[in-house]
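> model the structure of this input:
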Amino acid sequence: MILRPMRILWVITRYRLDTLLPLARMPWWLRSLFILSPLRLVPIGECPRGVRLRLALESLGPIFVKFGQMLSTRRDLLPKDIADELKRLQDQVPPFPAHQAKALVEEELAMSLEDAFADFESNSLASASVAQVHAARLHGGEAVVVKIIRPGIERVMRQDMALLYRFASVLARIPEARRLRPVEVVRDYEATLFDELDLTKEAANTSQLKRNFKGSPLLYVPTIHWELTHRRVMVQERIYGAPVADTAALLAQGTNLKKLAERGVEIFFTQVFRDNFFHADMHPGNIFVSFDHPHDPQYIAIDCGIVGSLTREDQDYLARNLLAFFHQDYYEVAALHIESGWVGEETRANEFAAAIRTVCEPILEKPLKDISFGQVLLGLFQTARRFNMEVQPQLVLLQKTLLNIEGLGRQLYPDLDLWSTAKPFLERWMKERAGVSGLWESLKRQAPELSHQLPELPVLAHQVLTRAELEHRQRRRQVDTMGGIVRQLSQRGRSQRRLRLGLLLLAAALAWQPLSEWAAGQPWPALAAAALGVLLLAWH
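Presented below is the predicted three-dimensional model:
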């Protein structure tokens, strides 16, 4: 385990990643630590900073590469040279040798390449952090792509996840960071990340997404060839389209970028709210635009290894929160957060609403090009920290996907009004969900279960009533028992008081003769004080 941290430190040193840190903004003691660090003895070299960062992330493995992929979509948060270089992480990671790829395919399919394919290209079409893709052709003539998991990748990923767990455990001990629930977030990330290593899961996700958008002009999803798909090898239809990040190519073919950007938002909300099944790895390397009908553009989605879904309760709360944001009803946002348990019940809704209004009001009237979601999220996180709001691990994938969508929209059509594009969809969805049609669909969905339980309702009702009667009797017995204990304690207290009074009277009788002689020679104040003391003692 200690070798992995040493390698990470060596990579940071080799590529001088310390030069990317904003030293001027750091505290003086931390700035001094970096200035005096032995790292400064290592030459920076001639590589630009973006290239050094990309090479470092590539050498550290898939978890770090995916972090770089996510950063590459946030051009509003990064300098242009770094964003351009990180963009290469999406599908230009160095490939592993062709002979390893061929051997792994033959081992997984339990047949030779000649039996499985009419043609198999040795050079990879694309290479990513977890897998790489080769073009091939089936014996029936269909053009396909073969996706192959990188050899030995699981061991490296488990080492990195162990480091993340250790880091999260340390964070969980810090009161400021505990509300972020770092261990739960890492656990969710681990589950989704390791799902990518099983290509049968990706194939199943792809088939599900294809069914959800069957015949849709918005999105096309390639067909899976299940007979040639296994855990480490997947074969699917080859698609032809322009990469969504290649704006020049899209403009050259006359693509309607405004409509393309609006359809991207519609696809996202359709997946989240209509289907409750969304592609959660929508970086530009996984999204293409069909060459057909550029004035009525259609997206093509690949790499469905990471997908997300929400509970019905989270769907409802999320939709109502977004609509409240769009209507600038911040009190409703605050009330929903309290109702859902995302902030404590002791939170005052009016104070929480005022804090959210301060962050969100300046952005709602602006186009996407003038909005920095990074700054908005930073403001919301500061507000959340003030009100002890806990991070919801089940929403982390959704937040990541929304950031990817925003990054794509910023590249395609910066004047896109995200709010006006999403608002009608959400209002229609809520109307369908809460209206007569939504009630009817809910009844149809629950009809089989209700029909099964209906004959058992009399028996269930009798069992409930019997259980309630038993609980009532038990409570009565408990009350009677407690009453008896109280009476016994009360009687014991009265008998003790009578015993103390009797002893006091007996002592007074035995001492009467000496006391009477003493009292005869005392003034009346002393006698009054003695009498009061005896009365108080008797009362106690």
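> can you list the neighbours in contact with the helix or strand where Ala126 lies?
For Ala126, the host element (DSSP states H and E) is strand 119-127. Strand 119-127 is contacted from outside by 91-96, 98, 101-102, 105, 113, 132-137, 145-146, 285, using C-beta atoms under 8 Å, 6 or more residues apart in numbering. For every residue, glycine as well, the C-beta is placed using N, CA and C.
> now the strands for the stretch 301-450 of the chain?
In the stretch 301-450 of the chain, strands defined by DSSP state E, counting those that start in this stretch lie at 307-308, listed in chain order.
> ok, which stretches of it are helices?
312-326, 330-340, 349-360, 373-386, 396-412, 418-434, 436-453 (DSSP state H, counting those that start in this stretch).
> the stretch 51-200 of the chain now?
62-72, 80-86, 98-109, 113-116, 153-172, 175-178, 182-195, 199-212.
> about what we covered before: now the contacts of strand 119-127: which count as buried?
Buried members of these, counted by 16 or more other C-beta atoms under 10 Å: 91, 93, 95-96, 101-102, 105, 113, 132-136, 145-146, 285.
> may I ask which two of those residues are separated the most?
Leu113 and Gly285 (26.2 Å; C-beta to C-beta).
> in strands, which of the contacts of strand 119-127 fall?
For those, the ones inside strands are Gln132, Val133, His134, Ala135, Ala136, Arg137, Val145, Val146, with DSSP state E as the criterion.
> sorry, back to before: closest one to Asp480 out of the buried ones among the contacts of strand 119-127, please.
Out of those, the member with the shortest distance to Asp480 (by C-beta to C-beta) is Gly285, at 73.4 Å.
> got a pLDDT number for that closest one?
pLDDT for Gly285: 78.
> correct me, but it touches Gln69?
Yes. The pair Gly285 and Gln69 qualifies as a contact (C-beta atoms under 8 Å) at a distance of 7.2 Å.
> coming back round to it: and the ones in strands among the contacts of strand 119-127 as a markdown table, adding distance to Ala461 and pLDDT?
What follows is those, written out as a markdown table (distance: C-beta to C-beta, whole Å; pLDDT from 0 to 100):
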| residue | distance to Ala461 | pLDDT |
| --- | --- | --- |
| Gln132 | 61 | 90 |
| Val133 | 60 | 94 |
| His134 | 63 | 95 |
| Ala135 | 65 | 95 |
| Ala136 | 63 | 95 |
| Arg137 | 65 | 96 |
| Val145 | 59 | 96 |
| Val146 | 59 | 96 |
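> farthest pair within these?
Across those (C-beta to C-beta), the longest gap, 18.0 Å, separates Gln132 and Arg137.
> tell me which of the helices of the stretch 51-200 of the chain sits most buried.
Ranked by mean neighbour count under mean count of other C-beta atoms under 10 Å, the helices of the stretch 51-200 of the chain are led by helix 62-72, which reaches a mean of 21.
> CA atoms only for that one - export them in CSV, please.
Extracted C-alpha coordinates of helix 62-72, given in CSV (Å, rounded to 0.1, in the frame of the first residue of the first chain):
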residue,chain,number,x,y,z
PRO,A,62,-8.1,5.8,-14.5
ILE,A,63,-9.4,7.6,-11.3
PHE,A,64,-7.1,10.6,-12.0
VAL,A,65,-7.9,10.5,-15.7
LYS,A,66,-11.6,10.7,-15.0
PHE,A,67,-11.0,13.6,-12.7
GLY,A,68,-9.1,15.3,-15.6
GLN,A,69,-12.0,14.5,-18.0
MET,A,70,-14.5,16.2,-15.7
LEU,A,71,-12.2,19.3,-15.4
SER,A,72,-11.9,19.5,-19.2
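> tell me what it is packed against?
helix 49-60, helix 80-86, helix 153-172, helix 182-195, helix 396-412 (3 or more C-beta pairs under 8 Å, 6 or more residues apart in numbering; DSSP states H and E).
> mean pLDDT and distance to Thr206 added to the ones you listed, as a markdown table?
Formatted as a markdown table, these follow (pLDDT from 0 to 100; distance: least, C-beta to C-beta, whole Å):
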| stretch | mean pLDDT | distance to Thr206 |
| --- | --- | --- |
| helix 49-60 | 85 | 26 |
| helix 80-86 | 81 | 26 |
| helix 153-172 | 79 | 20 |
| helix 182-195 | 76 | 13 |
| helix 396-412 | 72 | 17 |
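> to Leu219, which of those lies closest?
Minimum separation from Leu219 across the helices and strands packed on helix 62-72 (C-beta to C-beta) falls at helix 396-412, 13.1 Å.
> on that earlier part again, can I get the helices of the stretch 51-200 of the chain in JSON lines with distance to Asp303?
Putting the helices of the stretch 51-200 of the chain into JSON lines (distance: least, C-beta to C-beta, whole Å) gives the following:
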{"stretch": "helix 62-72", "distance to Asp303": "11"}
{"stretch": "helix 80-86", "distance to Asp303": "18"}
{"stretch": "helix 98-109", "distance to Asp303": "17"}
{"stretch": "helix 113-116", "distance to Asp303": "22"}
{"stretch": "helix 153-172", "distance to Asp303": "15"}
{"stretch": "helix 175-178", "distance to Asp303": "32"}
{"stretch": "helix 182-195", "distance to Asp303": "12"}
{"stretch": "helix 199-212", "distance to Asp303": "7"}
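> which stretch among those comes nearest Leu9?
helix 153-172 (11.7 Å).
> tell me what the closest one is packed against?
Taking 3+ C-beta pairs under 8 Å, 6+ apart as the contact cut, helix 153-172 packs with helix 3-14, helix 62-72, helix 175-178, helix 182-195.
> could you check the angle the second one makes with helix 153-172?
Pointing back at helix 62-72 there. If you take axes from the mean of the first three to the mean of the last three C-alpha atoms, to 10 degrees, helix 62-72 sits at 70 degrees to helix 153-172.
> wait, what's in contact with Val235?
Ala136, Val144, Val145, Val146, Lys147, Ile224, His225, Leu228, Thr229.
> one more time with 10 Å
Residues near Val235 by C-beta atoms under 10 Å, 6 or more residues apart in numbering: 105, 109, 116-117, 136, 138, 142, 144-147, 199, 203, 223-229.
> and it, that's in a strand?
Yes. Per DSSP: H, G, I helix; E, B strand; the rest coil, Val235 lies within a strand segment.
> model confidence score at it, please.
Confidence at Val235, expressed as pLDDT, is 96.
> from Leu109, how far out is it?
According to C-beta to C-beta, to the nearest Å, Val235 and Leu109 sit 9 Å apart.
> any chance you could list residues touching both of the two?
Common neighbours of Val235 and Leu109 (C-beta under 10 Å, 6+ apart) are Ala116, Phe117, Val146, Glu227, Leu228, Thr229.
> quick check: the first one touching Ala136?
Yep, that's Ala116 we're talking about. Yes. Between Ala116 and Ala136 there is a contact at 8.2 Å, judged by C-beta atoms under 10 Å.
> so what sits against both of these two?
In contact with both Ala116 and Ala136: Val105, Val146, Leu228, Val235, using C-beta under 10 Å, 6+ apart.
> which ones are touching the second one?
With contacts defined as C-beta under 10 Å, 6+ apart, the neighbours of Val146 are 101-102, 105, 109, 113, 116-117, 120-121, 124-125, 131-136, 225, 228-229, 233-236, 238.
> could you report the neighbour count for Leu55?
16 (other C-beta atoms under 10 Å).
> from Arg40, how far out is the closest residue in space to it that isn't next to it in sequence?
Ranked by C-beta to C-beta, 6 or more residues apart in numbering and with sequence neighbours excluded, the top spatial neighbour of Leu55 is Tyr15, at 6.1 Å. Distance from Tyr15 to Arg40, counting by C-beta to C-beta: 14 Å.
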